[in-house]
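S.K.: Let's see this in three dimensions:
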Amino acid sequence: MVTVLRKEYPEIADIIAERIKKTLPEEKLDDLCHISEIVETFKRDKGICLVSWTNRKSNYNRELLIAVMLMFYHPEKLLQLTTSRSKFGMLKQLSKLIGSSQPILSGDLANAIVAFKAYDKFRKEVYRIYEIIKTENNFFTT
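M.R.: Here you go, the predicted model:
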């Protein structure tokens, strides 16, 4: 479908590409060392004082945190513009920081992607927290 769109309707493909660019953050983080800053600012904003999160399935705050992290490291994945794997090492690092296992976090990642697409309230909360974390930690300032 995409090939036909690009080939037969290039002007529409260009409009769609522009809209997608406006939806994506202009900049992304590459260095995983910022994960701890993201987690700490997230916990402070949400009023979470846990040292170790549970391995209980389907945890809203974990899903929200993962969605926010994807906005920083791999927004295309969150917006389902790619099927590629998430940033290498991101879940491993997060697992160490919050005490949840990687398989649980992988499930939360899938749930976060679905929630971001399906629930306007979830999506707005992701954008809100993303902006707070970006501002408080001076990400992308030169």
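S.K.: In which helix or strand does Asp14 reside?
M.R.: With elements taken from DSSP states H and E, the one containing Asp14 is helix 10-23.
S.K.: Return the residues in contact with Glu131.
M.R.: For Glu131, no contacting residues are found, by C-beta atoms under 8 Å, 6 or more residues apart in numbering. Any C-beta I mention is one placed from the backbone N, CA and C, and that applies to glycine too.
S.K.: For it, report the pLDDT, please.
M.R.: In this model, Glu131 is scored at 94, pLDDT.
S.K.: what bits of the chain have low per-residue confidence?
M.R.: Judged against pLDDT under 70, the low-scoring parts of the chain cover residues 1-2, 20-21, 23, 51-52, 55, 81-88, 142.
S.K.: follow-up on the earlier one: right, and the helix or strand after the helix holding Asp14?
M.R.: Sequence-wise, the next helix or strand downstream of helix 10-23 (DSSP H and E) is helix 35-46.
S.K.: what's that following helix packed up against?
M.R.: helix 60-73, helix 90-98, helix 120-136 (3 or more C-beta pairs under 8 Å, 6 or more residues apart in numbering; DSSP states H and E).
S.K.: Spatially nearest residue to the residue nearest to the spatial centre of the chain (excluding sequence neighbours)?
M.R.: By C-alpha atoms, centre = their mean, the mean C-alpha position of the chain lies nearest to Leu70, the distance being 2.1 Å. In space, not counting the residues next to it along the chain, Leu70 is nearest to Leu78; the distance is 4.0 Å by C-beta to C-beta, 6 or more residues apart in numbering.
S.K.: could you list every residue that touches the one you found?
M.R.: By C-beta under 8 Å, 6+ apart, Leu78 lies in contact with Ala67, Leu70, Met71, Ala112, Ile113, Phe116, Val126.
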